[in-house]
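In: Quick one, what's the 3D model for this:
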Amino acid sequence: MRIILAPMEGVVDYEMRDVLTRIGGYDRCVTEFVRVTDQLLPNKTYFRFSPELEQGGTTPAGIPVYLQLLGGSPKYMALNAARAQKLSPPGIDINFGCPSKTVTNSDGGSALLREPCRVGDIVAAVRDAVDPAIPVTAKIRLGFNNADYLDNIVDNIVRAGANELCIHARTRTDHYKPPAHWSLVKSVREQHAIPIIINGEIWNIADSHRAKQESGCTDIMLGRGAMSHPDLAAKIKAEQSGNTHEAMAWPAILDMITRYLHNTENKHPRFVGNRLKQWLVFLHRQYPESVALFNKVKRLKEADDVFAALK
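Out: You can find the predicted model right below:
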């Protein structure tokens, strides 16, 4: 079984990928999406979203990081994929899953699921533009309003030559409301030979078992579950191999958060407090101590004050 760290926009950036992959359990990461419109982007854009490109396309812990593109134009998606591949990313992923209204109103993300043929055209254009040695993968949801087109969408992606597909088992209309409908993925999983990865509502080991069983998938992707339970991937892998994994205690979590914030401070000095508060909201689910810390820092804005509170 493989575990992939999800490309959570505005959350799982370079520094977060570094912190989480050092804990262990992950086989791959995917960057936040690079927005493609009607222009060829400069190399500096790809490096900004994936600093890992300067170190062989992997996190400092050695985990490969696929570069994710988002856009509705087969032509410009292909042109940008062709340029990006020259930087030797381990793989290129295509985002058809983002539910954000800003994205879907701008011809991107899950809005494209209403047009299965165009989804296939985009994947085919990117696949043709990229060296066959570089995997091209895609991430989708079940559909936009419902799952009626799911079979058609997946058929087109497979015919277009994608190497793998990740399915977030909710529609765009569902956003992130539970439950995730893992069982709706099983039929397409059984019809196709390419690896299909299940994503959505995997918060713990029990969820990972149910998601795999109901979807028929072998591999999983963790997003919000990884943020609320930073060592979840390591825990799942340990159980799979018959070993035990000692859960991270709250002091270790605090050390990890402090290290993460120090790493981001130079790049985002004005947003240290916001990043801390964002992560604490996720941690509420697993660590009750995070509630008291959130209340302590929720009105703090200056980085020095935030670090003082963490001490």
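In: Could I have the CA atoms of stretch 183-196 written out in PDB?
Out: These are the backbone C-alpha positions of stretch 183-196, laid out as PDB (Å, rounded to 0.1, in the frame of the first residue of the first chain):
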ATOM      1  CA  SER A 183     -18.200   2.700  -2.500                       C
ATOM      2  CA  LEU A 184     -19.000   4.700  -5.600                       C
ATOM      3  CA  VAL A 185     -15.400   4.300  -6.700                       C
ATOM      4  CA  LYS A 186     -15.400   0.500  -6.700                       C
ATOM      5  CA  SER A 187     -17.000   0.000 -10.100                       C
ATOM      6  CA  VAL A 188     -14.500   2.200 -11.900                       C
ATOM      7  CA  ARG A 189     -11.700   0.600  -9.900                       C
ATOM      8  CA  GLU A 190     -12.700  -2.800 -11.100                       C
ATOM      9  CA  GLN A 191     -12.900  -1.700 -14.800                       C
ATOM     10  CA  HIS A 192      -9.400  -0.300 -15.200                       C
ATOM     11  CA  ALA A 193      -5.900  -1.500 -14.800                       C
ATOM     12  CA  ILE A 194      -4.200   1.800 -13.800                       C
ATOM     13  CA  PRO A 195      -3.700   2.400 -10.100                       C
ATOM     14  CA  ILE A 196      -6.600   4.300  -8.500                       C
END
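In: Could I get the average pLDDT for it?
Out: Across stretch 183-196, pLDDT averages out at 98.
In: buried sites along it?
Out: Judged by neighbour count (16 or more other C-beta atoms under 10 Å), stretch 183-196 contains these buried residues: L184, V185, K186, V188, R189, P195, I196. (C-beta placed from N, C-alpha, C; glycine too.)
In: Also stretch 5-17?
Out: By neighbour count, and taking 16+ other C-beta under 10 Å as the criterion, the buried residues in stretch 5-17 are L5, A6, P7, M8, E9, V11, V12, D13, Y14, E15, M16, R17.
In: Going along the chain, name the strands of the chain.
Out: Counting by DSSP state E, one finds strands in the chain at the ranges 3-5, 28-30, 34-35, 65-70, 92-96, 136-141, 164-168, 196-199, 219-222.
In: For the ones you listed, give me JSON lines that also has distance to K177.
Out: Converted to JSON lines, these look like this (distance: least, C-beta to C-beta, whole Å):
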{"stretch": "strand 3-5", "distance to K177": "22"}
{"stretch": "strand 28-30", "distance to K177": "23"}
{"stretch": "strand 34-35", "distance to K177": "26"}
{"stretch": "strand 65-70", "distance to K177": "22"}
{"stretch": "strand 92-96", "distance to K177": "19"}
{"stretch": "strand 136-141", "distance to K177": "12"}
{"stretch": "strand 164-168", "distance to K177": "12"}
{"stretch": "strand 196-199", "distance to K177": "15"}
{"stretch": "strand 219-222", "distance to K177": "18"}
